[in-house]
Structures are given as structure tokens and as C-alpha cells.
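Coordinates only, no sequence provided:
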């Protein structure tokens, strides 16, 4: 450390001390100011000298305005709620939404697909109904769908409009004399829920009941996996799942629950009348509260080493058995009618 400059004596002819006037430095004054010592015992640092013990953080520089936008946009965390995502993509899901005149806020389509004979008139009609149509390059669709298989088209849809349970019951009874409603207890995988909806609608079921809590709702992934089935298939979302099952029983439905430990096999049960098929979640299965609300628990017999089935696969197998019995009875009645006509 450099020594401070020595004081130079000031000439005083009288020899008397100069009172009231402090002695001054005549040489070059060194700045010996120190930073205040911190309470945590950090080292003092002389002002004007660099402290090489601490890293120096350089301030960011931006070459373009786009660099600034990219930097700050990357700091924004992505949305973790899948239900906030209201995007559907793929030719079949979007085509079905257009054909059923579902409310679409915005639609992105490639030039090649926009003038396709299957889409052109429907896109014009959607534009007249207020949908914003953007003709974009495939790379833009890759960005919007996060490199999913968009097939040249994507659309932003309005949030799914759930039915009330009472409305679902009335609609099911008006559609069929022996309606079938699926009740999914705590399905958390959107792919499973989408597959259940697709299978249930294809085989002839009238609707679906799902709980509001601890279960996935109708998201863009569910819509994609359902492959357009939601455009003609009703879903009710209820707060209390057990109470909803009791309400269905009061409306005349017979409630069957699928459980791995159930003693009665599904092929031994005679299904007739209005039916509610209750299926459990992927890991936990059917909850105890839901089991208590069921009129009968049935199991699907398995002969292999795999101990259980996927939720959507089990639902499809159970639904097939229900409708197989009905198709068999219908064919038997038709055959009997034809035989009576031949004998007469």
C-alpha cells in the first residue's frame, strides 16, 4: 500500500501558531476514503481500486429489437394448465369442427389446403361467421402446434361447453329407449379420456360424466385423440361424482362398475334398460365411494400374465359386451319376425 504524502511545513515568519486555521496538504492529495465496514465482516475496499475477488457481470447487449423480445419472452414461464390450451389441429378434427359449425376464434391453414374442395366452402362459411383465417407457411404451423402432426391446419376453438347432468339425462333418453352413459372416475390422462370418448361415441353411447376435481377435462389433447367425436358427443362435468351417480339411479339408470376384484364376470351379466358404465382411473381404479353407488360390480376376465388393462381399453371391452348383447337380441327378433312371415 502506498504511503501517504508527507506534510510540507508552511513558512511562518512570526513563529506564532496560526490558530483557527487548520494546516493543509500542499502535495498531491491521496484519496484514502474507505467504504463503511459491513456488519457481516466483509473486507474493506479502497475506493478507486478494482476488486478482483468478485466476478464482474457484463450488462447484456442487443443487436436488434428481436433479440430483446426473444430474451424477455423466454423468461415468461409456459402455461402449465392444459385446459388453458384451446388449440385443435389435424385435418379430421378441424374438418369436423367446421362441419358442425363449432365456434372457432382463429384458424391457420396452408395455401394448398385452403383451396382443397373439402375445406374451401367451409372456410368461407367460417369466415362469414367471424373466424379469422390466416394463410401461413408450414413452418408457422410447426411453431403454433409445437411441431405436432398438424397436417397443414390448426384452429383456436372456444372453451368446451359442458352439459348439465340433467340436460345429459334428458338428451340421452330422447335419443334412445335404452341409453348408455359412461361415467369416468378420476381419469387424469388426456389420451385415455380422448380414447374413451372416441370409442363410446363410435359404439353408440349417449354421453359421458366426469368429475370436476382430480380429473382431466376436455382439453386440446382430448379433442385431438377423440378425432372429432366430441362434436356429436355430450359431456357433463359434475362437482360431486357420487351424487351424480345417485341422480342417475333416481332417473332410472342401472349403474355397473368395473373392478378388478369383482367376483362376477361381465359376460355373465344380462344388460338391459338404461345403463351407466362406471370406469376407474389408471392407477387407483374405481374409488370406494363410487363402488358404493354401483348396483353391481363386474370384472373383465384376464388369462394372461398382465394383471390389469388400460382404462380406455377396459372401457371399450365393457361397452362392446353391453352392445353385443343388444345387437344379438335385435338380430334374434328380426330373424323370428322373418321366420313367422315365411310360415304364414
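Ah, there it is. Bear in mind that the values here come from a model prediction, so they are computed numbers and not experimental data.

Check what pLDDT the residue nearest to residue 263 when sequence neighbours are not counted gets.
Counting by C-beta to C-beta, 6 or more residues apart in numbering, the nearest residue to residue 263 once its immediate chain neighbours are dropped is residue 299, at 7.4 Å. From N, CA and C alone the C-beta is placed, and that goes for glycine too. Note for residue 299: predicted pLDDT of 91.

from memory residue 299 sits against residue 256, does it?
No: applying C-beta atoms under 8 Å as the test, residue 299 and residue 256 come out as separate, 11.0 Å apart.

So these two - more neighbours on which side?
Neighbours per residue (other C-beta atoms under 10 Å) separate residue 299 from residue 256, with residue 256 holding more: 23 against 17.

Residues in contact with the host helix or strand of residue 107: which ones?
Using DSSP states H and E, residue 107 sits within strand 104-109. Here strand 104-109 makes contact (C-beta atoms under 8 Å, 6 or more residues apart in numbering) with 86, 94, 97-98, 119, 123, 126, 131-136, 140-141, 144, 152-158.

For ChimeraX, write a command that selects the buried ones of those residues.
Selection command for ChimeraX covering only the buried members of the contacts of strand 104-109, criterion 16 or more other C-beta atoms under 10 Å:
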select :86,94,97,98,119,123,126,131,136,141,144,152,153,154,155,156,157
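
Now intersect the contacts of strand 104-109 with the strands, please.
132, 133, 134, 135, 153, 154, 155, 156, 157 (DSSP state E).

Sort those residues by pLDDT and name the bottom one.
Among the ones in strands among the contacts of strand 104-109, residue 157 has the lowest pLDDT, at 82.

Would you check that residue 193 makes contact with residue 184?
Yes: applying C-beta under 8 Å as the test, residue 193 and residue 184 come out as touching, 6.6 Å apart.

who touches both of the two?
The contact sets of residue 193 and residue 184 overlap at residue 210 (C-beta under 8 Å, 6+ apart).

State the pLDDT value of residue 202.
Residue 202 carries a pLDDT score of 94 in this model.

Now it: which helix or strand?
Using DSSP H and E, residue 202 sits within helix 190-203.

Same check on residue 121?
With DSSP H and E as the criterion, residue 121 is inside helix 120-128.

all helices of the chain, in order?
When secondary structure is read from DSSP state H, the chain shows helices at 65-75, 91-99, 111-114, 120-128, 138-144, 165-175, 190-203, 220-226, 241-250, 288-293, 311-343.

Can you add distance to residue 303 and give these back as a markdown table?
Compiled in a markdown table, those are given as follows (distance: least, C-beta to C-beta, whole Å):
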| stretch | distance to residue 303 |
| --- | --- |
| helix 65-75 | 53 |
| helix 91-99 | 36 |
| helix 111-114 | 47 |
| helix 120-128 | 48 |
| helix 138-144 | 45 |
| helix 165-175 | 34 |
| helix 190-203 | 22 |
| helix 220-226 | 29 |
| helix 241-250 | 31 |
| helix 288-293 | 25 |
| helix 311-343 | 13 |
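
Residue 265 is nearest to which of these?
Among the helices of the chain, the nearest to residue 265 by C-beta to C-beta is helix 311-343 (9.7 Å).

Residue ranges of each domain in this structure, please.
Taking automatic domain parsing as the reference, the chain has its domains at 82-157, 165-333.

okay, the ones you listed, which one's buried deepest?
domain 165-333 (a mean of 18; mean count of other C-beta atoms under 10 Å).

Show me the one of the helices of the chain that comes nearest residue 261.
Closest to residue 261 of those is helix 288-293 (C-beta to C-beta; 9.9 Å).

that older thread, show me what the helix holding residue 202 is packed up against.
Contacts defined by 3 or more C-beta pairs under 8 Å, 6 or more residues apart in numbering; DSSP states H and E place helix 190-203 against strand 180-184, strand 207-211, helix 220-226, helix 311-343.

Okay, now the unreliable bits of the stretch 201-344 of the chain?
The model of the stretch 201-344 of the chain has pLDDT under 70 over residues 330-344.

Setting the sequence-adjacent residues aside, check what's closest to residue 275.
Excluding its sequence neighbours, the residue lying closest to residue 275 (C-beta to C-beta, 6+ apart) is residue 180, at 4.9 Å.
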